[in-house]
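A.B. asks: turn this into a model:
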Amino acid sequence: MELEGKKIRDSEDIENVPAPMGGAGIAAAQLVADREVKAVITGNMGPRAFNVFQQLGIEVYQGAGKIREAVEKLANGKLKRMEKATRPMFIGNDRRN
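C.D. replies: Purely as a prediction, here's the structure:
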């Protein structure tokens, strides 16, 4: 979504294509960087993806719920900016098999 001041000006749906195990966060970071995104809102983020977003200069905010509501909270300064990853690497992947 694109903001103009504190109002949502435009939005676009982007398909997040599955990436190889261990590379999903990096692929997502590249996807949004290609669209010149300035900030992302997510519930959690692993360290590799977080580092890539930092290197690309994309701010990461922690939020949940409906997209429009989360963006409105961001516009009004009500979301916390992530200072570090919130999950360890490979969370959710069962690497025992």
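A.B. asks: can you show me the helices along the chain?
C.D. replies: Along the chain, counting by DSSP state H, helices occupy 24-34, 47-56, 67-75.
A.B. asks: just checking, what packs against the last one?
C.D. replies: If you count contacts as 3 or more Cβ pairs under 8 Å, 6 or more residues apart in numbering; DSSP states H and E, helix 67-75 packs onto strand 2-4, strand 7-10, strand 39-42. Glycine gets a C-beta too; all of them are placed from N, C-alpha and C.
A.B. asks: switch to 7 Å and redo it
C.D. replies: For helix 67-75, the packing partners by 3 or more Cβ pairs under 7 Å, 6 or more residues apart in numbering; DSSP states H and E come out as strand 39-42.
A.B. asks: do the same with the first one
C.D. replies: Using 3+ Cβ pairs under 7 Å, 6+ apart as the contact definition, the elements that helix 24-34 packs against are helix 47-56.
A.B. asks: now do the helix it packs on: everything it contacts.
C.D. replies: 25, 26, 28, 29, 33, 40, 60, 82, 84, 85, 89 (Cβ atoms under 7 Å, 6 or more residues apart in numbering).
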